[in-house]
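[1] With the sequence up front, the predicted model follows.
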Amino acid sequence: MDGMSVLFSVVYWVVIGGFAIMAVYWLIGVRYIPHRRVGILEKLWSEKGSLGHGRIIALAGEAGYQARVLRGGLHIGYPFYMYSVHTVPLVTIAEGRIGYVYARDGHPLTASQTLGSIVECNGFQDPVAFLTNNGQRGRQRAILREGVYAINTALFVVITEQGIHAGPVSRQEREQCASWQQELDTARGFSPVLVGSAFYSQRSGDHAVQTDAAKLSPHDLIGIITVADGPTLDPGEFIAPQVGDGASGGHNYFQDPDTFLALGGRRGKQLQVLTDGTYFINRWFATVELQPKTLIPIGYVGVVISYYGSAGEDVTGPQFRYGVQVEAGRRGVWRDALPPGKYALNPYAIKVELVPTVNFVLRWITGQTEAHRYDEDLTSIPLITADGYEPLLPLSLVLHIDYEKAPRVVQRFGDVRRLITQTLDPILTAYFRDVAQASNMLDLLTSREEIQRRATEELGRRFQSFDINCVAVLIGRPETGPLKPGQEDPIDRLFDQLRQRRLAEEQKATFGKQQEAAVQQKLLNHAQAEAERQTQLTQTRVEIEIAGNRGAAQLAEAERLAKRDIALAEGRARATELEGQGEGAKIAQIGQAEANVSRQKVEAFTDPRLYALSIVSQQLAHSEQPLVPERVVLFSQGGDGKTPAETGLFQSIMQVLTTWQSIGGFEEKPKAPAAPKTPAGTEPEQETEIIRVN
């Protein structure tokens, strides 16, 4: 029982102490604010009364929402019976994002304003400075960059990408802020403006994703600024001129709205553009439209047509009555064209007409067009020839425009396409119709080169007055228009005739060539035969040379042998001579001896004649020739009375031959048997046959 009393007493005093502490806490106004939040004071009553007319934030302790806020921590002096503390989270702006501010109190905006002026208030964290420095209510020109801010959301409503930071405000105000948030999100207003970057941020659900810039435009981009605050433009103007000095204009490329307006900036589209870079621009103050840079490719110049600036003096003079050409910066066609390159030009203020400065082709051919598409409206030219043909003439025209005269061409015609359709097309069509009326269809087919040459000269002369150079006129094959079913194409029939004529001429030429080929074939065969026998010819030539060399060697050998034989002969002759001399001497000696013997014999016969007769008889006795001939041919006197002595030798021989032939020819008779020898010193008798030849 005593234990229960003690426990009851403890609980009693604890409860009493708690109530006492709560009473003290309530009486002295102790308040605790978490460090991730701020406290907005709402004074329930005040001896200073309520706020003045048109004010919702108290600066001097009046009843109502107080300007100053309670930061994180323990605060004393705010009793519950006098103050109501509304805790709200700190405002957080993510990195690379923008926060927009709407002020619920302050001075009203002027008639030319749509946004409140920028006031030094530590990024809207000093409400007292904002209100005392003539801060204006409504949407603000100043923006919040990345960071954490302790802002009195009873005075400032902050709109971020993640949500709306609003204190104790009405439902209508929250709905209005929600609509602003949706508009900013659609315009990607919570992201900085990226110009010339490879990527651009855009919303996809609740996450930011990156989109390739190539999907937006194939060219480099520039930013076109449209300002929604400040004085309006003067009557007749539609582009606000550039203000300030330097590239940024002194207002840091529209990132400092108050400076821009102080320098005389006007609302509307701005002449100045944003080039490559990142810009934190208040989308309530200015919107940004991304446009491609002006690209002037190689082979072109850009003729500038300016829609802004003051009126300039026409530099072409009074004799040129085709528009106004002015200096750069003036309104009109600029005198100097832009060379190839990339230019950050505002397309709303300046138009650039591309004029080709290299040779380009225009095709008057139905269904065909070049890449530049200047000739997409041109078709083949219908003609009527002198002999009644109605062909369609396809042709191509090669042109050149002097880059220095390009502004005059644009000044005169507006653009190249209008130059072609309104000037070149009618001139070219009329010229070739005149040519066709003075020519036969066959002339158009066979004299194309001459017609092209004359057309180039004549059209070139005409185009010179329009500052255009005609390089060449190229004519295609004339074609027939639509035919009726079963109708023969007259041009094809004419072509058939030409083909037959050309075929006959070609056959003549072919026959001539074949003849030449036959001659060449003959020469070729001869050459081939020589080539085939070349080995034999070469061998023969070699053998000839060998034979010649052998003959020369034999000749040399013969000469050598001859010289040797001559030497031998001379030696033998000398030896013979010497032998002869010796033999002669010997014979002489023998002769002398025989002479002596003969003399002795003669002396022995006492009479030389007897000695001689003795020798003759010895020779006749040993002779094999008979002393008496077997036949004696006598030639008697001829019929003409001549004797054989008077008859010619030839006739005598012929008579002998005739006679011998008649008697059996020249056959040799067999020899008679040898006669018996007679006694020594006697010869047998021999019968002599006498043949008389008459």
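    Nice, thanks for sending it over.
[2] Could I get the contacting residues of Pro192?
    Listed by CB atoms under 8 Å, 6 or more residues apart in numbering, the contact set of Pro192 reads Gly96, Ile98, Thr278, Tyr279, Phe280, Ile281. C-beta here means a position set from N, CA and C on the backbone, and glycine is covered the same way.
[3] would you list every one of the helices in this structure?
    Using DSSP state H, the helices of the chain run over 2-28, 127-132, 171-186, 257-262, 406-413, 416-419, 425-437, 441-446, 448-464, 490-532, 534-605, 608-622, 649-662.
[4] hey, which of the ones you listed is tucked in deepest?
    Mean neighbour count (mean count of other CB atoms under 10 Å) peaks for helix 406-413 among those, with a mean of 23.
[5] Report all helices and strands that it contacts.
    strand 300-306, strand 325-326, strand 332-334, strand 350-356, helix 416-419 (3 or more CB pairs under 8 Å, 6 or more residues apart in numbering; DSSP states H and E).
[6] Out of the helices of the chain, which gets the lowest mean score?
    Lowest mean pLDDT within the helices of the chain: helix 649-662, a mean of 59.
[7] Can you tell me which of the contacts of Pro192 are buried?
    Ile98, Tyr279, Phe280, Ile281 (16 or more other CB atoms under 10 Å).
[8] JSON lines for the helices of the chain, including distance to His86?
    Listed next are the helices of the chain as JSON lines, based on distance: least, CB to CB, whole Å:
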{"stretch": "helix 2-28", "distance to His86": "18"}
{"stretch": "helix 127-132", "distance to His86": "14"}
{"stretch": "helix 171-186", "distance to His86": "15"}
{"stretch": "helix 257-262", "distance to His86": "32"}
{"stretch": "helix 406-413", "distance to His86": "67"}
{"stretch": "helix 416-419", "distance to His86": "68"}
{"stretch": "helix 425-437", "distance to His86": "78"}
{"stretch": "helix 441-446", "distance to His86": "96"}
{"stretch": "helix 448-464", "distance to His86": "82"}
{"stretch": "helix 490-532", "distance to His86": "95"}
{"stretch": "helix 534-605", "distance to His86": "122"}
{"stretch": "helix 608-622", "distance to His86": "199"}
{"stretch": "helix 649-662", "distance to His86": "184"}
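[9] show me where pLDDT drops low in the stretch 101-250 of the chain?
    Across the stretch 101-250 of the chain, the ranges flagged by pLDDT under 70 are 197-219.
[10] before we move on, the earlier item: quick one: closest of the helices of the chain to Thr287.
    helix 171-186 (10.8 Å; CB to CB).
[11] Show residues contacting the closest one.
    100, 102, 104, 139, 157, 159, 161, 163-164, 166, 189-190, 203, 283.
[12] Tell me which of those fall in strands.
    Tyr100, Tyr102, Arg139, Val157, Ile159, Ile164, Arg203 (DSSP state E).
[13] In JSON lines, list these along with neighbour count and distance to Gly61.
    What follows is the ones in strands among the contacts of helix 171-186, written out as JSON lines (neighbours: other CB atoms under 10 Å; distance: CB to CB, whole Å):
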{"residue": "Tyr100", "neighbour count": "23", "distance to Gly61": "31"}
{"residue": "Tyr102", "neighbour count": "22", "distance to Gly61": "26"}
{"residue": "Arg139", "neighbour count": "20", "distance to Gly61": "29"}
{"residue": "Val157", "neighbour count": "23", "distance to Gly61": "24"}
{"residue": "Ile159", "neighbour count": "26", "distance to Gly61": "30"}
{"residue": "Ile164", "neighbour count": "19", "distance to Gly61": "29"}
{"residue": "Arg203", "neighbour count": "14", "distance to Gly61": "45"}
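[14] which one of those residues is nearest Glu543?
    Arg203 (106.1 Å).
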